[in-house]
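Asks: Below are the sequence and a predicted model; questions follow.
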Amino acid sequence: RLTSINVPILSLNVTEENGFMASVRNDDFTGGMVSANHLIALGHKGIAYIRSTPVASLRFSVQARLEGFLSACKAVGIKPMVLAAPATENPTSAVLAKLESMKTRPTAIACQEDALAIPLIFQLQRFGIAVPSDMSVIGYDDSRFAEDIGLTTIRQKPYDMAVSLAKKTLQLIEGNTPENRHELIAPTLILRSSTGTLKR
């Protein structure tokens, strides 16, 4: 009905483009690949991926990150362990218990989001596992405290996305067609001190 009266309908970070006059979203699949390729380039083969149970509104986004990560690993013959963090108050404790029970611990861990990576680093250090000399950790989002603790992560650009979508909205209101109607924004690898070369 809105379309029939020329009301612009746009989407922000939604995978489905049909029905929207314009859209902006993160390229989470590529972000997952960048995360994996960084660890692989450092020489890591024993890699784990920590995921949580996503809320419905973010399910497609975190699934794309995982799929991109697995795709990059598969391309070089690496099969990472995928561990699910439980939906509890302290999910990293359960993850750490799983890691400790393994005969061969991974040398690198990628987390679905910084909210898992940051507390995991603190937990690892409490148990005498040094980051990154014993285990590299990479996050996703480049959230508020990532820089403070030196977390290597994948940066998203929510502000830039919102600005781009606002500009498209104004163009459509004025009767113009945006040049890049359905925009896919690539995330950026932010190198800090939580990842390092595999110690042979």
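Replies: Received, thanks. Numbering: from 1, shown residues only.
Asks: Wasn't Ser61 part of a helix?
Replies: Yes - counting by DSSP: H, G, I helix; E, B strand; the rest coil, Ser61 is found in a helix.
Asks: What number of neighbouring residues does it come out with?
Replies: 21 (other C-beta atoms under 10 Å). All C-beta atoms are positioned from the backbone trio N, CA, C, and that covers glycine.
Asks: where's the residue of the chain positioned farthest from its centre relative to Thr177, distance?
Replies: The outermost residue of the chain relative to its centre, with distances by C-alpha atoms, centre = their mean, is Ile5 at 38.1 Å. Between Ile5 and Thr177 the distance is 18 Å, computed by C-beta to C-beta, to the nearest Å.
Asks: For the residue most central in space within the chain, list the residues it contacts.
Replies: The centroid of the chain falls nearest to Tyr140 when counting by C-alpha atoms, centre = their mean (3.8 Å). Taking C-beta atoms under 8 Å, 6 or more residues apart in numbering, we find Tyr140 in contact with Gly31, Ser35, Arg65, Ala110, Cys111, Gln112, Glu113, Asp114, Ala117, Thr153, Ile154, Gln156.
Asks: Just give the number of residues close to the closest residue in space to the third one that isn't next to it in sequence.
Replies: Right, Arg65. Spatially, and ignoring its direct neighbours in sequence, Arg65 is nearest to Gly32 (4.1 Å; C-beta to C-beta, 6 or more residues apart in numbering). Counted with other C-beta under 10 Å, the neighbours of Gly32 add up to 28.
Asks: What residues sit buried inside the worst-scoring helix or strand of the chain on mean pLDDT?
Replies: In the chain, no helix or strand scores lower on mean pLDDT, DSSP states H and E than helix 91-100, which sits at a mean of 88. Of the residues in helix 91-100, Pro91, Thr92, Val95, Leu96, Leu99 count as buried by neighbour count, 16 or more other C-beta atoms under 10 Å.
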